[in-house]
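**Q** Turn this into a model:
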Amino acid sequence: MSIVHVMDHPLIQHKLSLMRDQETGPKEFRELLNEISMLMAYEVTRDLPLKTIEIETPICRAQTQVIAGKKLAIVPILRAGLGMVDGIMSLVPAAKVGHIGLYRDPNTLEPVEYYCKLPADAQEREILLVDPMLATGFLKKRGCKNIKLVNLIAAPEGVARVQADHPDVDIYVAGMDEKLNDHGYIIPGLGDAGDRLFGTK
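**A** Numbering: from 1, shown residues only. Alright, predicted model coming up:
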């Protein structure tokens, strides 16, 4: 069974509350999402493997550690996932970025893919799937195996489905909300993140 990591750091919770406020405009919403994404990236990358190298400091030679092992890829779900990319990239600038375009079918509430562009070596990378709409299966069909879901908020129903369908995928969220409403929106949520991010509401 996958593990759900709810990031209860005071800075993350404070910024998430500001994002939830309907009075928060697109500029501040973008800035807050960028900041939360950077703070979340710190925890999401906690288990990256390290290797020892030898360097010359201004004082002497020293054994120090650098990141080793698989490289990262950040894959946002269009549109709202785009707002999380820069915050994560500020900590791991060498990561490659893919994109998945999905929309939710209004009748079935299931995701429908309309675009997918991944790094050529995505199967060899650790994938951070940001703002996922149950999109893990799309990546697995393309040979990706090492995947982490990074959500701003989640509902128990969505978490349960991901855990049932993909027990090998850990989930990282800034907030675990109460439930989904009849239209499949998270309650209390923060509205349509894409619209609020880009001012299209």
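**Q** I figured Gly101 hits Tyr115, correct?
**A** Yes. Taking Cβ atoms under 8 Å as the definition, Gly101 is a contact partner of Tyr115 at 3.2 Å. C-beta here means a position set from N, CA and C on the backbone, and glycine is covered the same way.
**Q** Distance of the closest residue to Met176 other than its chain neighbours relative to Ile171?
**A** Nearest in space to Met176, with sequence neighbours left out and distances taken as Cβ to Cβ, 6 or more residues apart in numbering, is Val6 at 5.1 Å. In this structure, Val6 and Ile171 are 9 Å apart, going by Cβ to Cβ, to the nearest Å.
**Q** ok, now Leu118?
**A** 20 Å.
**Q** Also Glu110?
**A** Taking Cβ to Cβ, one finds Glu110 at 19 Å from Ile171.
**Q** Please go through the chain and pick out the longest helix.
**A** Ranked by residue count under DSSP state H, the longest helix found in the chain is helix 26-44.
**Q** what is the rounded mean pLDDT of that helix?
**A** For helix 26-44, the mean pLDDT works out to 95.
**Q** cool, stretch 156-174 as well?
**A** For stretch 156-174, the per-residue pLDDT averages 92.
**Q** Now that stretch: buried residues?
**A** Neighbour-count burial for stretch 156-174 flags Gly158, Val159, Val162, Gln163, His166, Val169, Asp170, Ile171, Tyr172, Val173, Ala174 (criterion: 16 or more other Cβ atoms under 10 Å).
**Q** of all those residues, which comes closest to Val150?
**A** Proximity of the buried residues of stretch 156-174 to Val150, judged by Cβ to Cβ, is greatest for Tyr172, which lies at 4.8 Å.
**Q** isn't that closest one right up against His5?
**A** Yes. The pair Tyr172 / His5 is scored as a contact, 4.7 Å apart, by Cβ under 8 Å.
**Q** okay, and the common contacts of these two?
**A** Glu43 (Cβ atoms under 8 Å, 6 or more residues apart in numbering).
**Q** re the thing from before, for Gln22, state which of the buried residues of stretch 156-174 is nearest.
**A** Using Cβ to Cβ, the buried residues of stretch 156-174 come closest to Gln22 at Ala174, 18.1 Å.
**Q** so the closest one touches Leu11, yeah?
**A** No. Counting by Cβ under 8 Å, Ala174 stays clear of Leu11, with 10.3 Å between them.
**Q** ok so, going back, residues that sit against both of Gly101 and Tyr115, list them.
**A** Shared contacts of Gly101 and Tyr115 (Cβ under 8 Å, 6+ apart): Leu78.
**Q** Just want to know which of those two has more residues nearby.
**A** A count of neighbours by other Cβ atoms under 10 Å puts Gly101 above the other of Gly101 and Tyr115, at 15 against 9.
**Q** quick one: low-confidence parts of this structure?
**A** 132-138, 201 (pLDDT under 70).
**Q** Going by residue numbers, what spans are helices in it?
**A** 10-20, 26-44, 82-89, 136-140, 156-165, 193-198.
**Q** Distance to Thr64 added to those, as JSON lines?
**A** Formatted as JSON lines, these follow (distance: least, Cβ to Cβ, whole Å):
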{"stretch": "helix 10-20", "distance to Thr64": "28"}
{"stretch": "helix 26-44", "distance to Thr64": "20"}
{"stretch": "helix 82-89", "distance to Thr64": "24"}
{"stretch": "helix 136-140", "distance to Thr64": "34"}
{"stretch": "helix 156-165", "distance to Thr64": "37"}
{"stretch": "helix 193-198", "distance to Thr64": "39"}
